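Student: Kindly return the folded structure for what I paste below:
(chains A and B)
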Number of protein chains: 2
Amino acid sequence: MEEFLIAVKRASRTAAQLSGRTRTEMLNEMAKALRSKKDIILSANEQDIKNARSNALSSAMIDRLLLNDRRVDEMAEAIGEIAALRDPLGDVIDGWTNPDGLRIEKISVPIGVVCVIYESRPNVTADAAALCLKSGNAAILRGGKEAANSNKAIISALQEVLSLRAMPPEMIAEPPDSSREGIKEIIGQSQYVDLVVPRGGAGLIRFVSENSAVPVVKHDRGLCHLYIHKSADYAKAESIAINAKVQRPSACNAIETLLIDAEVAPHFLPRLKAAFDREKTKLRGCQSCRAIIDVAEATSDDWAMEYLDNILSIKVVSGIDEALDHIAAYGSMHSEAIIAESGGAIERFLSEVDAACVYANASTRFTDGGQFGFGAEVGISTNKLHARGPMGVKELTTYKYRVCGNGQIRD
Amino acid sequence: MEEFLIAVKRASRTAAQLSGRTRTEMLNEMAKALRSKKDIILSANEQDIKNARSNALSSAMIDRLLLNDRRVDEMAEAIGEIAALRDPLGDVIDGWTNPDGLRIEKISVPIGVVCVIYESRPNVTADAAALCLKSGNAAILRGGKEAANSNKAIISALQEVLSLRAMPPEMIAEPPDSSREGIKEIIGQSQYVDLVVPRGGAGLIRFVSENSAVPVVKHDRGLCHLYIHKSADYAKAESIAINAKVQRPSACNAIETLLIDAEVAPHFLPRLKAAFDREKTKLRGCQSCRAIIDVAEATSDDWAMEYLDNILSIKVVSGIDEALDHIAAYGSMHSEAIIAESGGAIERFLSEVDAACVYANASTRFTDGGQFGFGAEVGISTNKLHARGPMGVKELTTYKYRVCGNGQIRD
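Tutor: Below you'll find the model as predicted:
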């Protein structure tokens, strides 16, 4: 394992020195490689699907795992989009001259070796590899074992481009040992690995957080709220509430709890219930809610629960203060939204809510690297430090200070 | 302890909502408070010095601990400088409109609760408190026990300003239990504490890293190199080498190893030795070095040693490749410098060396918050993530995305 990590670290030094043009060209070649190896990738995926069926995985899981012609094309397109992004390296983020005449420049540079640990969807393999290469990093990609064949086929296709250019294959590497023990060895080695990004269930996140000597930026749970202020426009409130809950309930940026001002609850809740009933959403309400509409009871456990399902808890609040307190107590600092026409309420909400993404009059479902224009994402960070929200190429860089002088010494 | 942490977290929400003007005014009042409480601070310091003497602390330690009229004035001046800095909060770091018409703005915000763990010098207390307040954070300040009385007096003076403005005293807080066990409890609570910055010896850094559930940005060791390229101007090389080693050998930004190209070594080393002899620097050289000048032998242990003393190891290298490899193997990614007139060599060095600060023709001693124009520093980060190099107010912020729409939902 140590030999492997040394090779990856060495590959990261090579990657860091590639010109922006070379990285872009390589990515375009990789997009092509995915298309030309489509048959191999699809037959590897067939094997994974066969195994998933015999292991009785849920149909939702199997759908996440499944590749087809279109999905491979989409993977290739995403790599093309990432290739076309502006080079995130060498940006002069800040710069000044100090009183001694030293020119100080703060420059964006790669992080080094980035290890991404993820589950099921094979497109994450291509996305993460491309984002890491675009930002001059070496990537260690550890996907779920249910997608092992698909991931191997995708990585082989990408590595062919590395090999044609005489680059080390470890620039986009699979760990030699993918077991939990293997992961533990990797994330214990802060001299070789610079960042680990776990994305997946609570168990995985906890395992990585507890065992990592390497900085962790985690893609943890999304307990997101939609708050309907008394000044809200009803039509916006309804369509956004439905979209944020129903469009893809299993996503981390879907809402789990709806907060609504008492003043408009009697008017809004019956119509909202009718709309959610059409979507077969299971509603659970607080006492004040249940005095207005006939729904199941929400217990205090509900406020802390990430359903990841077509279930929504509803709480009637006395006003924005109670809404802000509820979000501070239960939110996971992922995505939070207010529906309001009052500029004052919007400003307070956007300013006081502590979350990666705060929304006014829009669906929380937009928290996504693609939607943000990043081409793809390595994950959505629920950390407060280094990166917050969707992580694209910029979030895979750090910086250093270049200081140029002409003999300056310190007094 | 939990009550204390809850109160600090609450104070951080208050701090985050203060206007830039209020924060600036409070800092100016704090600078005044330090001056007006000078007698109390100095007599508390006298007590610390007395204890230090009876505990037989070294004279260097006692000097670091000592406050006098001028040093208290300097603390107050530093707070004034921090007050005068541009507000680091609310910066629109980036912003764009997505294809759906959503306006996405990336805005700088406070981190929340920042815990700084440090040793001896009491001015760190004032600096860290001021930097945290300027950036809208609550601070937990845990200084060394040798400076306990001084720190308490400084914090009391600062808290008087909070009290006059009816702000919670926990905005600038001392932990109720300063023991290792107390620290462990604090850094185990990621729901209350958002960042911990340890600065001090290897033992402290290791203790915090191993026990923290909170992200750590550490002020770890500085194993810095000065590389003299064959194109170097001798006069610059000599004055910078002397400054970087001798001006304050105990600083983390002082150099420990000098690398010099074989081509100029026979010509430069005898003169460098004469210069270092005048400064009583103890030199240790590799074999090739000792073939030219008469110095003690450097063993392979020397390349990995942070002397923090007036000792310098010297290695003759075949050229820039060997210098870069040596720095990659032994450097601590803090500050690294090249002396060269060749633009090509400078560019390669600045681009390929992976360190927080890379210098051309200047002393590494400039890696410092004050020298960088930050007013002061919470520490010098040797992390690669979140913050690198001197940490001022900007490095005590994170960001969030404010997303404003008009009813947008995701397709």
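Student: Which residues of the stretch 251-400 of chain A lie near chain B?
Tutor: A:328, A:346, A:350-352, A:354-363, A:365-367, A:371-373, A:383-386, A:388-389, A:398-400 (Cβ under 8 Å from any Cβ of the partner chain). Backbone N, C-alpha and C define where each C-beta goes, glycine included.
Student: Just the buried subset of those, written out for ChimeraX, thanks.
Tutor: Buried subset of these, written as a ChimeraX selection, criterion 16 or more other Cβ atoms under 10 Å in any protein chain shown:
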select /A:328,346,350,352,354,355,356,357,358,359,360,361,362,363,365,366,367,371,372,383,384,385,386,388,389,398,399,400
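Student: Sort out for me which of the residues of the stretch 251-400 of chain A next to chain B are in strands.
Tutor: Among these, DSSP state E puts A:357-362, A:389, A:398-400 in strands.
Student: can I get these in TSV with pLDDT?
Tutor: Shown next, in TSV, are these (pLDDT from 0 to 100):
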residue	pLDDT
A:Cys357	98
A:Val358	98
A:Tyr359	98
A:Ala360	98
A:Asn361	98
A:Ala362	98
A:Gly389	97
A:Thr398	97
A:Tyr399	97
A:Lys400	98
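Student: Farthest pair within those residues?
Tutor: Across these, the longest distance by Cβ to Cβ is 40.1 Å; it joins A:Asn361 and A:Lys400.
Student: so A:Ala33, which of the three states?
Tutor: Put simply, A:Ala33 is helix when judged by DSSP: H, G, I helix; E, B strand; the rest coil.
Student: what number of residues lie near the residue nearest to it when sequence neighbours are not counted?
Tutor: Excluding the flanking residues, the one nearest A:Ala33 by Cβ to Cβ, 6 or more residues apart in numbering or on different chains is A:Ala157, at 4.5 Å. Neighbour count of A:Ala157, defined by other Cβ atoms under 10 Å in any protein chain shown: 23.
Student: ok, the nearest residue to A:Arg290 once chain neighbours are set aside to A:Val353 distance?
Tutor: Distances taken as Cβ to Cβ, 6+ apart place A:Glu297 nearest to A:Arg290, at 6.5 Å, with adjacent residues excluded. Per Cβ to Cβ, to the nearest Å, A:Glu297 is found 27 Å from A:Val353.
Student: one step back: hang on, the residue nearest to A:Ala33 in a strand?
Tutor: No. Counting by three-state DSSP, A:Ala157 falls outside a strand, being helix.
Student: who's more crowded, A:Glu297 and A:Val353?
Tutor: Neighbours were tallied for A:Glu297 and for A:Val353 using other Cβ under 10 Å; the higher tally belongs to A:Val353 (24 against 12).
Student: And the strands in the stretch 201-350 of chain A, which stretches?
Tutor: A:224-228, A:255-261, A:282-285, A:296-297, A:311-317, A:335-339 (DSSP state E, counting those that start in this stretch).
Student: Could you list the buried residues of stretch A:205-222?
Tutor: A:205, A:207-209, A:211-212, A:214-222.
Student: what subset of those is also close to chain B?
Tutor: Within the buried residues of stretch A:205-222, those near chain B by Cβ under 8 Å from any Cβ are A:209, A:215, A:217.
Student: which one of these sits closest to A:Gln287?
Tutor: Among those, A:Ser209 lies closest to A:Gln287 (Cβ to Cβ), at 36.8 Å.
Student: Tell me the spatial nearest neighbour of that closest one, not counting adjacent residues.
Tutor: Spatially, and ignoring its direct neighbours in sequence, A:Ser209 is nearest to A:Val216 (5.7 Å; Cβ to Cβ, 6+ apart).
Student: Identify the bridge partners of the one you found.
Tutor: Taking DSSP bridges, one finds A:Val196 as the beta-bridge partners of A:Val216.
Student: ok, it - contacts?
Tutor: A:187, A:195-198, A:208-209, A:383 (Cβ atoms under 8 Å, 6 or more residues apart in numbering or on different chains).
Student: would you put the C-alpha positions of stretch A:314-330 in CSV?
Tutor: What follows is stretch A:314-330, C-alpha atoms only, in CSV (Å, rounded to 0.1, in the frame of the first residue of the first chain):
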residue,chain,number,x,y,z
ILE,A,314,-44.7,20.6,8.8
LYS,A,315,-44.3,23.0,11.6
VAL,A,316,-46.3,26.2,12.1
VAL,A,317,-44.1,29.0,13.5
SER,A,318,-45.0,32.3,15.1
GLY,A,319,-42.7,34.2,12.7
ILE,A,320,-39.2,34.5,11.3
ASP,A,321,-37.5,34.3,14.8
GLU,A,322,-38.9,30.9,15.5
ALA,A,323,-38.1,29.8,12.0
LEU,A,324,-34.5,30.9,12.4
ASP,A,325,-34.2,29.2,15.8
HIS,A,326,-35.7,25.9,14.4
ILE,A,327,-33.2,25.9,11.5
ALA,A,328,-30.3,26.7,13.8
ALA,A,329,-31.3,23.8,16.1
TYR,A,330,-32.1,21.1,13.4
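Student: Adding pLDDT as columns, could you present the contacts of A:Val216 in JSON lines?
Tutor: Listed next are the contacts of A:Val216 as JSON lines, based on pLDDT from 0 to 100:
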{"residue": "A:Ile187", "pLDDT": "95"}
{"residue": "A:Leu195", "pLDDT": "97"}
{"residue": "A:Val196", "pLDDT": "96"}
{"residue": "A:Val197", "pLDDT": "96"}
{"residue": "A:Pro198", "pLDDT": "94"}
{"residue": "A:Val208", "pLDDT": "93"}
{"residue": "A:Ser209", "pLDDT": "90"}
{"residue": "A:Asn383", "pLDDT": "92"}
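Student: could those residues be laid out in a markdown table, adding distance to B:Ala147?
Tutor: Shown next, in a markdown table, are the contacts of A:Val216 (distance: Cβ to Cβ, whole Å):
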| residue | distance to B:Ala147 |
| --- | --- |
| A:Ile187 | 37 |
| A:Leu195 | 35 |
| A:Val196 | 37 |
| A:Val197 | 40 |
| A:Pro198 | 40 |
| A:Val208 | 38 |
| A:Ser209 | 34 |
| A:Asn383 | 33 |
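Student: mind giving me the domain split of chain A?
Tutor: A:2-220+A:382-404, A:224-366 (automatic domain parsing).
Student: Turn those into JSON lines, columns for distance to B:Met30.
Tutor: Shown next, in JSON lines, are the domains of chain A (distance: least, Cβ to Cβ, whole Å):
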{"stretch": "domain A:2-220+A:382-404", "distance to B:Met30": "25"}
{"stretch": "domain A:224-366", "distance to B:Met30": "25"}
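Student: Much appreciated, bye for now.
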